[in-house]
Structures are given as structure tokens and as C-alpha cells.
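> predicted model and sequence below, questions to follow.
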Amino acid sequence: MMYRSKAPLRIGLAGGGTDVSPYSELYGGAILNATVSLFAHANIEPIPEKEIIIEAIDRKEEQRFVLDTDLPIDGKLDLLKGVFNRIQRLYGLPATGLRLSTFVDAPAGSGLGTSSTLVVAIIGAFVEMLRLPLGEYDIAHLAYEIERVDLKMAGGKQDQYAATFGGVNFMEFYGDNKVIVNPLRVKQQYLFELEHNLLLYYTATSRESARIIEKQSRNVIEKKGKSIEAMHQLKHQSLLMKEALLKGRLHEIGEVLDFGFQQKRQMAEGISNDLMDEIYGAARKSGATGGKISGAGGGGFMIFYCPGNTKYKVQETLVKFGGHCKAYQFVDHGLMSWTI
């Protein structure tokens, strides 16, 4: 018997960074994101041996441990270990050994929420195996606690909730870990047009988001006005994006994205760099009306809004930078798990 799960990665469309502490606690954050047809996969297979085998198939890494205690957090496959440790502390050690295998459809550090989505997928597989009575908010918050509290990884809250709920969501973040997920009823034709026009481009570079997020958080703690004002503007951007999508004013999306791109660069050093600025400028000259760096910034994926049929010219232009465009579709489901 095997217990499988998958959770979708997300594209952040507006408000990125306002879900990060301490900004969200002090001022309240708001983000608009949408899940896409790229996934984090998890599989649990009970085995007769009294051992825990964990493997990241996409990274070609495997480790084995005796089934009797917490797994060591040492920088190797820590996300897998962190979930196992928290689950066994809450619900007890499994009665038998197991093999936990994972695979993610996008590279780590790509800006699509890969780490948090992987944690959600792994929790989903354990929920399926143990028949745990956990709802969507429970799973998302548990994933957040494993990453931010247990593993002490810097970051925000949106990725865990996007992966768990799925679809197009306007999310609000407040103090005391209060999160409200508002699913948006965007007309299907608007989503089809957004999907057609929104180009997902991988820069062929990755980044360590934690360092950028730590700088962002420090700027808020130190009350740096320029950074805080940029976050206020990004929160406003999420409202502009929500209205444009719900009312079908898709011609405004490029401008809304560009507004956010300019504001996000003010949040912390390292969010953009010379290469990403050059890529952004080249895309704009080729017909894109706006775009953004996905995730914390510094590398990974960028998105560009290309109205009409301009995306084909933009694609040609971006070839010279050594990256590639990634095909995707929007998906309306979040975490899924099943038994075979």
C-alpha cells in the first residue's frame, strides 16, 4: 500500500512580501496569488524494516535512519525530516518503517513557493496514511510552523495556504497568525486570457530566499520608512489586481505588475540585480506591459504580462539571456491525497 499526495506551486500576482513578519503583524498584509500545474509530490510506502528512508528523487539524495527517535536537522533533506519529526511528536511513531519519497516539478529557489509546497505535500501524505482529521487551515498552519518555528527558516505565510487551498485567492494576514483566504470567482474567460498573456520565464538562476527575507524583516524592525512604504504600496497593489481580475480589466494588469515591480525593489537589497533589470527591460521593449520577479527575488522565475500576441516576440527576445519559458495552466484545486 502507498499513500500519495501532490500540492500545486503558485504564481504570486500582487502584494508579495506583505505576508512576512513583522510587517503582517504590525500593519496587516494582503496578497493575490494563483496555483499552477506544477506540483510538489510526496509518497509514503510502509516497509517491514524498522527504519526510516527519506529520498528527494529530483535531487538524487537519500538518507536512512533507525526508527526510534527524531531525525537530525543538519542541512540535508531538512524539510522531509522536519515534517516527520513534527508528525511523530504529535501522533506517535509509525508502527512500521517507511520510505518517504518526494519530487518537485520546479527547482528549489525558483520563486514559486517550492519549499512550503513540498512541506504541504508531505503533510498531506501523512494525513492520508494516518487518517488525520485536519482541515485546510490546519494543514497550512502546521506547514508554516514546521518551516518557520521548527526549522527556523525565514519566510512568509502565503505559500502554505496557496498550496493547501489552490485556485485564485486574495489572502489577508494579521497578527496572532490570523490568515483569511478569500477564493476569487474570476470568470473562466478572464483566466484563459490571463493564462495566454502571462509568460512564465525561468532565469536559469536560483537564490536563497531566506537572506532576502531576513533583510526585508530587518528593515521593518528598524523602521526604515522607504521599505515600509514600499510594502504599503504592494498591499495596495493586491487590491488593484483583485479589481482588475474580477471586473475583467485585463488591459490594466501589466501596469499593476509594473507598479509592484518598482515598489518591490525598494523593500530590500538583492530583490533585483543587473541581470534581472536587463531581462525586465528587454521584455518591456518587446511588448510586455509589465512583470515581476516571482517570490522573494534575486533569481528564479519572472513573469511578464504580454497582451495580444506579443508573448511570442518576448519569448524570442529572452532566449539570449540563457533561461527558458515554462508552460503551465492555472489549476483550481489545492492539496490532493490518495491511497493505492
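Done, it's in.
> can we go C-alpha only for contacts and neighbour counts from here?
OK.
> so the residue nearest to residue 102 when sequence neighbours are not counted bridges to which residues?
Among residues not flanking residue 102 along the chain, residue 42 sits closest, at 4.5 Å (Cα to Cα, 6 or more residues apart in numbering). Per DSSP bridges, the residues bridged to residue 42 are residue 5, residue 102.
> so what's residue 42 up against?
4-6, 100-103, 118, 121-122, 125 (Cα atoms under 8 Å, 6 or more residues apart in numbering).
> the lengthiest helix in the chain: which residues count as buried?
Ordering each helix of the chain by length in residues (DSSP state H) puts helix 225-247 first. For helix 225-247, the neighbour count (16 or more other Cα atoms under 10 Å) marks 227-228, 230-242, 244-245 as buried.
> got it, and stretch 50-67?
Residues 50-56, 67 are the ones in stretch 50-67 that count as buried (16+ other Cα under 10 Å).
> with stretch 300-312 instead?
Of all the residues in stretch 300-312, those buried under the rule 16+ other Cα under 10 Å are 300-307, 310-311.
> now do the end-to-end distance for stretch 40-53.
19 Å (Cα to Cα, to the nearest Å).
> quick one: residue 74 is in a helix?
No - going by DSSP: H, G, I helix; E, B strand; the rest coil, the assignment for residue 74 is coil, not a helix.
> those strands in the stretch 51-200 of the chain, which residues are they?
Secondary structure of the stretch 51-200 of the chain (DSSP state E, counting those that start in this stretch): strands located at 51-56, 61-66, 97-104, 168-173, 179-183, 198-202.
> and the lowest mean pLDDT element among the helices and strands of this structure?
helix 209-221 (a mean of 65; mean pLDDT, DSSP states H and E).
> check contacts around residue 314.
By Cα under 8 Å, 6+ apart, the neighbours of residue 314 are 283, 286-288, 306.
> for residue 13, what are phi and psi?
Dihedral pair for residue 13: phi -100, psi -30, per degrees, to the nearest 10.
> let me see the contact set for it.
Residue 13 neighbours (Cα under 8 Å, 6+ apart): 31-34, 238, 241, 257.
> possible to save those as TSV with secondary structure, distance to residue 197 and pLDDT?
As requested, the contacts of residue 13 are arranged in TSV below (DSSP: H, G, I helix; E, B strand; the rest coil; distance: Cα to Cα, whole Å; pLDDT from 0 to 100):
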residue	secondary structure	distance to residue 197	pLDDT
31	strand	21	97
32	strand	18	98
33	strand	16	97
34	strand	15	98
238	helix	19	97
241	helix	15	98
257	helix	13	97
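> check these and tell me the two furthest apart.
Spanning the widest gap among the contacts of residue 13 are 34 and 257, at 14.4 Å by Cα to Cα.
> neighbour count: these two, which is higher?
The neighbour comparison of residue 34 against residue 257 (other Cα atoms under 10 Å) goes to residue 257, with 27 against 22.
> so the more buried one touches residue 292, yeah?
Yes - between residue 257 and residue 292 there is a contact under Cα atoms under 8 Å: 6.2 Å.
> got the domain ranges for this protein?
Split into domains by automatic domain parsing, the chain comes to 3-185, 188-325.
> which one of those lies nearest to residue 338?
domain 3-185 (5.4 Å).
> gap between the two ends of that closest one?
First residue to last in domain 3-185 (Cα to Cα) measures 32 Å.
> what does stretch 163-173 give?
End-to-end distance (Cα to Cα), stretch 163-173: 16 Å.
> what mean pLDDT would you report for the helix or strand residue 317 falls within?
If you go by DSSP states H and E, residue 317 is part of helix 311-318. Averaged across helix 311-318, pLDDT comes to 97.
> relative to strand 198-202, how tilted is that helix?
Per axes from the mean of the first three to the mean of the last three Cα atoms, to 10 degrees, the angle that helix 311-318 makes with strand 198-202 is 20 degrees.
> beyond helix 311-318, next helix or strand please.
Counting by DSSP H and E, the element after helix 311-318 in chain order, helix or strand, is strand 324-325.
> quick one: list the elements packing against that next one.
Contacts defined by 3 or more Cα pairs under 8 Å, 6 or more residues apart in numbering; DSSP states H and E place strand 324-325 against strand 198-202.
> and the strand it packs on, what other elements does it pack with?
On a contact count with 3+ Cα pairs under 8 Å, 6+ apart, strand 198-202 meets strand 301-305, strand 324-325.
> my guess is residue 4 contacts residue 338, does it?
Yes - between residue 4 and residue 338 there is a contact under Cα under 8 Å: 5.4 Å.
> any stretches of the stretch 151-300 of the chain with poor pLDDT?
The model of the stretch 151-300 of the chain has pLDDT under 70 over residues 205-217, 219, 222-223, 268-272, 295-299.
> how about a cut-off of 80?
204-224, 265-273, 295-299 (pLDDT under 80).
> what angle separates the helix or strand harbouring residue 262 from helix 225-247?
Per DSSP H and E: residue 262 is located in helix 253-264. Using the same axes, to 10 degrees, the direction of helix 253-264 lies 160 degrees away from that of helix 225-247.
> can you give me the neighbour number for residue 274?
For residue 274, using other Cα under 10 Å, the count is 8.
> one more: the one 10 residues further on?
Counted with other Cα under 10 Å, the neighbours of residue 284 add up to 19.
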